[in-house]
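Q: okay, here's the prediction I keep looking at, along with the sequence it came from:
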Amino acid sequence: MKLDNDAIKKSMLLYAITDRGWLKEGETLESVVEDVLKSGATFLQLREKIQGHEEIVKTARNLHDLCKKYNVPFVVNDDIMAAKEIDADGVHIGQSDMEYTKAREILGPDKIIGVSAGNLAEAKEAERVGADYIGVGAVFHTDTKKDATSLTMAQLKEISEEVSIPVVAIGGISIDNALELKGTGVDGICVISAIFGSENPSEATKKLLDLSKQIISK
């Protein structure tokens, strides 16, 4: 059964997105992800931009098993068929990926579907069609998405106020700038390089979790 709105909202606190490009010698994505989950990540997305479908399925199956071990929701980025094949908790889709209605048709009513939004109109449309949460950004400059333009904190706050589904901030968030998001009304932070690109992903996860708790505190 799919998580309800409150449970999804709570799981947005520290949303980690994988990036195998940061792996060091001797590390596997699975070993780093387990450290990150053990250290407090509350949601995990597998993001693969180079691997083919079969490789994504294999990796997703391994990560899903880890997420079940730590009771953390797991979604696959973009590859809806991979998510369906391994019975992941859901998918995350961008504005240029498969449309929400098609993804819902494939996955059924009990899976989480998150949608990216770069402005208020996109956020409202994502809510209207039935998205379970919105990833809003980029909130700071990011090298992960070269074409992403940064939102102002006022724009982020407006989106958080105008939609009723959970909102997680994404894009360029780091230990150094995360607290700038306090007061925007977001339900958590979504990070890639701040965890997977750090010297110590486990310690970075712990610090970011603490910062996110400060961000969402009233």
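A: Done, it's in.
Q: pull the longest strand from this protein.
A: For the chain, the strand that runs over the most residues, judged by DSSP state E, is strand 112-117.
Q: alpha carbons of it, as CSV, please.
A: Extracted in CSV, the C-alpha atoms of strand 112-117 (Å, rounded to 0.1, in the frame of the first residue of the first chain):
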residue,chain,number,x,y,z
ILE,A,112,4.7,7.0,-5.3
ILE,A,113,5.2,9.3,-8.3
GLY,A,114,7.2,12.4,-7.8
VAL,A,115,7.5,15.2,-10.3
SER,A,116,10.1,17.9,-10.9
ALA,A,117,8.9,21.5,-11.0
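Q: residue ranges of the helices in this structure, please?
A: Along the chain, the stretches classed as helices by DSSP state H are 5-11, 29-38, 53-69, 80-86, 100-107, 120-129, 153-162, 193-196, 201-216.
Q: select, out of these, the one closest to residue 181.
A: helix 201-216 (5.0 Å; CB to CB). (Glycine included, C-beta is placed from N, CA and C.)
Q: distance between that closest one and the chain's centre?
A: Centroid displacement of helix 201-216 relative to its chain, using CA atoms, centre = their mean, to the nearest Å, is 15 Å.
Q: same thing with stretch 176-189?
A: 15 Å.
Q: could you check the pLDDT of the residue nearest to the spatial centre of the chain?
A: For the chain, the residue nearest the mean C-alpha position is residue 15 (4.7 Å; CA atoms, centre = their mean). pLDDT, residue 15: 98.
Q: look up which residues are beta-bridged to it.
A: residue 43, residue 190 (DSSP bridges).
Q: that one: what's it in contact with?
A: For residue 15, the contacting residues are 41-45, 135, 168, 170, 188-191, by CB atoms under 8 Å, 6 or more residues apart in numbering.
Q: picking up where we left off before, partner strands of the longest strand of the chain, parallel or antiparallel?
A: Assessed with DSSP bridges, strand 112-117 is paired to strand 90-93 (parallel), strand 133-136 (parallel).
Q: distance across stretch 48-59, terminal residue to terminal residue?
A: Stretch 48-59 has its terminal residues 10 Å apart, counting by CA to CA, to the nearest Å.
Q: and that stretch, what's buried?
A: For stretch 48-59, burial by neighbour count (16 or more other CB atoms under 10 Å) applies to 48, 51, 56-57, 59.
Q: okay, these in a markdown table with distance to residue 106 next?
A: Output for the buried residues of stretch 48-59, formatted as a markdown table (distance: CB to CB, whole Å):
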| residue | distance to residue 106 |
| --- | --- |
| 48 | 19 |
| 51 | 20 |
| 56 | 16 |
| 57 | 15 |
| 59 | 20 |
